[in-house]
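# Below are the sequence and a predicted model for it; my questions follow.
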Amino acid sequence: MKRFYHLLLFATVSLAPSLIFGAQVNPRPENATLAVLRAFETHNIVMIGEIHSNKQEYDWYCSLVATPEFADRVDDIVLEIGNSLYQKSVDQFVSSEDIPLEQVLKAWRNTVGLIGPQSPLVAGLYQTVRETNMKRRGKHQMRILCGDPYIDRDKVEDEQDVIPYASHRDDWYAQVVKEEVLAKNHRALLIMGAMHFLRNSPDGPRPSIEPKLRRAGAKTYLIMFGTNTPGERGRVDHRFDSWTAPVIPRQWLDRGTACPVAH
């Protein structure tokens with residue numbers, strides 16, 4: 001049987017790799033979905049820095065948003081892979097209105113940061129939110145917020161037309177969260193590429209979305225994807241082999257940090 005490496009989610013990136021993977025760290029696993037639900041008890045914003053288009057991640061996302069307790073307490077899911085130009089169509093789609101798919105798929109296919117065809121996994125997450133809302137008619141409904149600038153790719157002649165949008169992607173995303181989440185006293189799950197949420201970058205300081213949200217009153221909880229293959233290629237940290245995925249180490253949770261694992 002082919003064995004896949006573990007995917008890990010760290011709820012902070014302020015720890016050095018040696019502290020995460022060194023012998024002195026001996027985390028105790030906790031179900032990842034339950035850990036995220038617990039985070040929302042004390043935080044209004046939970047941020048996930050993802051590895052784009054990874055099936056393990058998106059399988060977990062879909063399971064998470066379909067969990068009744070999550071759908072009860074979380075108002076919004078803010079996606080980097082979502083063009084704000086199509087927010088109205090996305091609202092109609094996830095609220096289970098009878099809308100042609102062609103009217104909404106540009107939201108995840110025509111983004112500023114698009115490079116090549118978009119993974120079908122993203123469409124699956126949109127569909128899962130729609131299906132979950134349909135099952136909850138008369139109950140609290142979740143909304144997908146498009147966090148990418150409102151570029152009209154049909155009018156783009158060359159990549160020079162994209163530069164004005166690309167240079168303000170983080171600012172735009174943060175503004176969406178401030179206006180559509182924080183101003184309405186909502187709770188939201190934020191999903192964006194890991195580099196946009198980094199607190200400490202190996203390449204030096206970089207602008208971060210999180211400080212902007214904190215200054216606006218958000219109480220943020222950061223989760224970052226990683227792997228159990230630190231150091232040289234092919235090396236595997238076998239301490240995670242016995243864990244039933246997905247999990248988050250309790251030791252990091254107790255310190256305000258976390259790490260879900262998926263096989």
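Sure, I can see it.
# now the helices for the protein?
Remark: helices assigned in the chain by DSSP state H are 17-21, 32-42, 55-65, 68-73, 87-94, 106-109, 120-135, 163-166, 169-180, 194-197, 209-215, 250-254.
# Go through these and name the closest to residue 237.
Among the helices of the chain, the nearest to residue 237 by Cβ to Cβ is helix 17-21 (5.6 Å). Heads up, the C-betas are built off the backbone N, CA and C, glycines and all.
# and residue 243, which of the helices of the chain is closest to it?
Each of those has some distance to residue 243 by Cβ to Cβ; the shortest is helix 32-42, at 10.3 Å.
# now could you export just the CA positions of the closest one as PDB?
Extracted C-alpha coordinates of helix 32-42, given in PDB (Å, rounded to 0.1, in the frame of the first residue of the first chain):
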ATOM      1  CA  ALA A  32      -8.700  18.900  14.400                       C
ATOM      2  CA  THR A  33     -12.400  19.800  13.900                       C
ATOM      3  CA  LEU A  34     -13.000  19.900  17.600                       C
ATOM      4  CA  ALA A  35      -9.900  22.000  18.100                       C
ATOM      5  CA  VAL A  36     -11.100  24.600  15.500                       C
ATOM      6  CA  LEU A  37     -14.500  24.800  17.100                       C
ATOM      7  CA  ARG A  38     -12.900  25.400  20.500                       C
ATOM      8  CA  ALA A  39     -10.800  28.200  18.900                       C
ATOM      9  CA  PHE A  40     -14.000  29.900  17.800                       C
ATOM     10  CA  GLU A  41     -15.100  30.000  21.400                       C
ATOM     11  CA  THR A  42     -12.400  32.600  22.200                       C
END
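# which strands and helices sit next to it?
strand 45-50, helix 55-65, helix 68-73, strand 220-227, strand 247-249 (3 or more Cβ pairs under 8 Å, 6 or more residues apart in numbering; DSSP states H and E).
# so what's the closest residue in space to residue 109 that isn't next to it in sequence scoring on pLDDT?
If the residues on either side of it in the chain are set aside, residue 109 comes closest to residue 118, at 5.1 Å by Cβ to Cβ, 6 or more residues apart in numbering. You'll see residue 118 listed with a pLDDT of 73.
# what's the weakest-modelled helix or strand in the chain?
Within the chain, confidence by mean pLDDT, DSSP states H and E is lowest for helix 17-21 among all helices and strands, at a mean of 35.
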